[in-house]
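**Q** pasting a predicted model and its sequence here:
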Amino acid sequence: MAGKSQGSILVFIVIIGGIVWLFDKISEYRLFILSLIISTFAYFLYLSQRKKNDKKRHLKSLPPLKPLKCELGDCTKNYKAKSLTTKTESYIVNLNDHSCTCPDFTDFRSSFEKGDLRRFCKHMIQVIIKTGIINNLAESVQLVFCSAYDRKKGIFLDEYKFTAVDESVALIGKSNNEEWFTVIAQEESKNSKFGGYKRFGYNINEGRWSYGENPLNSKIFKQLIENWDRDH
């Protein structure tokens with residue numbers, strides 16, 4: 001037992017001696033160690049700031065996203081639009097007021113301001129396309145209406161913004177659940193029903209395109225969606 005006790009004391013003395021030696025060395029080089037710590041901190045601070053600056057430059061290089069509105073001008077004539085569901089009913093469309101007598105408009109869409117794309121039901125879009133009024137509208141608005149008409153739906157997304165990628169107009173729409181975004185842009189095959197454009201869905205939480213189908217320049221659209229609320 002005495003031998004073990006003496007051995008433990010010896011180990012303890014060696015450890016204490018090592019700590020004293022190490023402390024003495026640290027004291028000897030404390031200025032060097034301090035400068036090393038400060039230099040390391042400054043370097044990581046520089047990297048962090050450079051990353052922020054790179055991100056700002058990258059955002060500035062992205063094409064701008066602008067809110068999309070629809071102005072039809074003076075359309076005093078009322079139009080009759082057949083129901084796309086029953087085929088027997090008809091509704092009165094007033095393009096001057098951007099209004100329709102269908103339940104979809106009176107119960108829901110009428111709450112949106114004039115010019116807001118969500119105000120347009122499928123009957124209003126039907127009239128705009130069949131009368132040729134659509135040809136007088138901006139290309140970005142034409143894309144929204146043609147896509148909705150192709151699906152026999154009204155405009156339903158919370159917000160549309162338009163941009164230009166490789167000199168081609170494109171649209172991005174934000175859905176009300178803030179998870180799915182709609183992109184109306186040129187497809188790779190360019191064989192869609194309206195001039196090479198197609199409707200795509202992108203899930204921002206999962207980082208994937210719906211059904212694995214993506215538009216041309218899909219990386220740019222992903223970046224635009226991820227920076228939806230940035231200022232221009």
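**A** Received the coordinates, thanks. Numbering: from 1, shown residues only.
**Q** now the spatially closest residue to Ser140 that is not a sequence neighbour: phi and psi?
**A** Excluding the flanking residues, the one nearest Ser140 by C-beta to C-beta, 6 or more residues apart in numbering is Phe162, at 3.9 Å. No exception for glycine: its C-beta is placed from N, CA and C like everyone else's. As for Phe162, its main-chain torsions (degrees, to the nearest 10) stand at phi -120, psi 160.
**Q** can you pull the pLDDT of Phe162?
**A** Predicted confidence (pLDDT) for Phe162: 82.
**Q** show me what contacts it?
**A** 65-66, 68, 140, 169-172 (C-beta atoms under 8 Å, 6 or more residues apart in numbering).
**Q** and which of these is nearest Asn227?
**A** Leu65 (8.4 Å; C-beta to C-beta).
**Q** mind pulling up the pLDDT for that closest one?
**A** 75.
**Q** leaving out chain neighbours, which residue sits closest to it?
**A** Lys161 (4.1 Å).
**Q** likewise for Ile184?
**A** Nearest to Ile184 is Leu171, by C-beta to C-beta, 6+ apart, at 4.2 Å.
**Q** burial check on that neighbour, number of neighbours?
**A** 24 (other C-beta atoms under 10 Å).
**Q** what's the spacing between it and Lys153?
**A** 15 Å (C-beta to C-beta, to the nearest Å).
**Q** okay, helices next: where are they in this protein?
**A** Counting by DSSP state H, one finds helices in the chain at the ranges 2-28, 30-61, 103-107, 122-130, 139-150, 218-226.
**Q** just how off-centre is the shortest one within its chain?
**A** Meaning helix 103-107. 29 Å (C-alpha atoms, centre = their mean, to the nearest Å).
**Q** show me what that helix is packed up against.
**A** helix 122-130 (3 or more C-beta pairs under 8 Å, 6 or more residues apart in numbering; DSSP states H and E).
**Q** where does Tyr79 land on pLDDT?
**A** Reported pLDDT for Tyr79: 93.
**Q** quick check: bridge partners of it?
**A** Val93 (DSSP bridges).
**Q** kindly report the same for Lys66.
**A** Beta-bridge partners of Lys66, as defined by DSSP bridges: Phe162.
**Q** Gln186 now?
**A** If you apply DSSP bridges, the partners that Gln186 bridges to are Tyr197.
**Q** count the neighbours of it for me.
**A** Counted with other C-beta under 10 Å, Gln186 comes out at 19.
**Q** that one and Ile220 touch, don't they?
**A** No. With contact defined as C-beta atoms under 8 Å, Gln186 does not count as touching Ile220 (12.0 Å).
**Q** which residues of this structure score low on pLDDT?
**A** 1-39, 42, 50-62, 156-158, 177, 188-195, 230-232 (pLDDT under 70).
**Q** ok, what's across the strand from the residue nearest to Ile184?
**A** Beta-bridge partners, per DSSP bridges, of Leu171: Phe162, Ile184.
**Q** that one touches Val165, doesn't it?
**A** No. Distance between Leu171 and Val165: 10.7 Å, which falls outside the contact criterion (C-beta under 8 Å).
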